[in-house]
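Predicted model and sequence below, questions to follow.
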Amino acid sequence: MRVLRRGRLAISAAFLLPWLAMALAAQDQPEGTTLRNTGPLTVIRIDGSINPASSDYIQRAIRESEEAGARALLMELDTPGGLVSSTQDIIQAMLRSKVPIIVYVSPQGAWAGSAGTFITLAGHVAAMAPGSTIGAAHPVGVGGGGGSSEGEEGKGEDHAAAKAENMLTAFIKAIAEERDRNVEWAQDAVRNSVAITADRAVELNVVDLVATDRADLLEQLEGREIEIGGETQVLAFAGAQVQDVEMQLLTRIFNVLASPDVAVLLFMAGVLGLYIEMNQPGMIFPGVAGAICLVLALIAFQILPFSWVGVLLMLAGLGLMVAEAFVTSFGLLFIAGAGCMLLGGSMLFDRPELSDLNVSFWPVLVPAVGGMGAFGALVVYAVGKSMSRRQESGTYEMIGMEGVARTAIDPSGTVFIRGEHWTARASEPIPAGAPVVAERVDGLILHVQPLVSQNRTS
């Protein structure tokens, strides 16, 4: 009996000890504090612009982290900025998250610019790698230039710029207040495009800490208390399984297409391919490739807030380049077309109230237009050369050919030219066997002259 009781006590102790340890651990924590020591550490990587694809990726990672009961979601960030609408969706998901979100601007030399500044400030924990920067959250084009606009149009632009600036300033102020960060600096980042280094960001309470790498970051965050939904939670990463949340294939494709540079190149390649197919029917490949590029460009235009003015200017520029091949303008139409394409490309995504994304002018737009210009110049040269060349097909190629009179021609007879017998007419009598030269073709009648007579005349 004693042995049986001891066995029961041992079994009971085995079940009770883990619960007892958890209770003691809970007593060590302040009242209302939860220790997050279960579940994996989920990790995502944002390297590029903030767009609908990356927004969907971040929101899906937050949902999956909540469903997996993750200890935290680590977002490694390096972005120059992106769409305001996508940033708003990301911030809303981050503020509603039931899982701690750690935003880590990395690797060294990374940048949390523009939209990245909003996202970094919205994290429950904000960290930066040495040598990284944060700031310049003012969208490109809004209030830029430093000069004042005159006239009613200028006043309208100033009003729109001020409205957009005030909205974004209020937006980032609300985020900074919610996360107890430096509100004044956050507003200054929007209004004056200020940017600071990692060490300076810690001094100004813009971010929480500087970490050399992921291991150093997790070590510094071990045991850190954060507040989520009115509840204090303690971060614990010792022994945590790291689980990467991969971007789905379709989302990855959309993320590539959401680049203004890629969208412009696809659009120009598509139009060029269809133009080649229309001029040379039956080549198939240029037409198919052009159609695919145009479809992908249209998808990109659905993702990005494009401007119809930019699209129409680019189409007009292409039309002027094509017209140069048929209208003698001594290159003026061609130059005007190239100018329209450059202007249209630079305005294609110039929607500062919605984004700070635009086409890279010198690295992408100028070489692309230059390439199309070189192709157009080649077409103009080929068309001009073919138009100035003597006709070499059909009956007109016979003009100037030499032959022999098979019968006397007075004024008509038969000649042998190009391996064929022709009914011929001449303005003067030509004896049989005399050499002749074709002058013109009139239906099935070949007008000829004596070769000796032509030589004398010349």
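Okay, I see it.

Please make it C-alpha for all contacts and neighbour counts, starting now.
Fine.

Tell me the pLDDT of Arg115.
Not Arg; residue 115 is Ala. Ala115 carries a pLDDT score of 95 in this model.

Then Leu304?
pLDDT, Leu304: 83.

residue ranges with poor pLDDT in this protein?
Applying pLDDT under 70 to the chain picks out residues 1-37, 140-158, 325, 350-357, 379-380, 383-395, 452-458.

Find the centremost residue of it, please.
Centroid-nearest residue in the chain: Ser259, 1.4 Å away (criterion: C-alpha atoms, centre = their mean).

Okay, the closest residue to Met341 other than its chain neighbours and Asp261: tell me how far apart.
Nearest residue to Met341, sequence neighbours excluded (C-alpha to C-alpha, 6 or more residues apart in numbering): Met314, at 4.4 Å. Distance of Met314 to Asp261, computed by C-alpha to C-alpha, to the nearest Å: 14 Å.

So if I had to pick from those two, which one is more boxed in?
The neighbour comparison of Met314 against Asp261 (other C-alpha atoms under 10 Å) goes to Met314, with 28 against 20.

gap between the more buried one and Met321?
Distance from Met314 to Met321, by C-alpha to C-alpha: 11 Å.

Ser106 now?
46 Å.

same check, this time on Arg425
As judged by C-alpha to C-alpha, Arg425 and Met321 stand 47 Å apart.

Was I right to think Tyr57 contacts Thr251?
Yes - contact criterion C-alpha atoms under 8 Å: Tyr57 and Thr251 qualify, at 7.3 Å.

Which of the two has more residues huddled nearby?
Under the criterion of other C-alpha under 10 Å, the comparison of Tyr57 against Thr251 puts Tyr57 first, with 22 against 16.

For the more buried one, which non-adjacent residue is closest in space?
Met247 (6.2 Å).

Wait, a strand at the one you found?
No - looking at Met247 with DSSP: H, G, I helix; E, B strand; the rest coil, it is coil, so not inside a strand.

Please renumber the chain so that the first residue is 12 from this point on.
In the new count, where the first residue is 12, that last one comes out as Met258.

So what's the residue count around it?
20.

Please apply the same query to Ala385.
Other residues within reach of Ala385, judged by other C-alpha under 10 Å, total 12.

and if you look at the one 3 residues further on?
Ala388 is flanked by 18 other residues according to other C-alpha under 10 Å.

any idea how far stretch 109-123 is from the chain center?
Distance of stretch 109-123 from the chain centroid (C-alpha atoms, centre = their mean, to the nearest Å) equals 23 Å.

CA atoms of it as PDB?
C-alpha atoms of stretch 109-123 as PDB (Å, rounded to 0.1, in the frame of the first residue of the first chain):
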ATOM      1  CA  LYS A 109      -2.700  41.000 -31.000                       C
ATOM      2  CA  VAL A 110       0.900  39.900 -31.500                       C
ATOM      3  CA  PRO A 111       3.900  42.200 -30.700                       C
ATOM      4  CA  ILE A 112       5.400  43.600 -33.900                       C
ATOM      5  CA  ILE A 113       9.100  44.400 -33.900                       C
ATOM      6  CA  VAL A 114      10.300  46.600 -36.700                       C
ATOM      7  CA  TYR A 115      14.000  46.300 -37.400                       C
ATOM      8  CA  VAL A 116      15.500  48.600 -39.900                       C
ATOM      9  CA  SER A 117      18.300  46.500 -41.300                       C
ATOM     10  CA  PRO A 118      20.900  45.500 -42.600                       C
ATOM     11  CA  GLN A 119      23.500  48.200 -42.000                       C
ATOM     12  CA  GLY A 120      23.000  51.000 -44.400                       C
ATOM     13  CA  ALA A 121      19.300  50.300 -44.700                       C
ATOM     14  CA  TRP A 122      16.800  53.200 -44.900                       C
ATOM     15  CA  ALA A 123      13.300  53.600 -43.400                       C
END
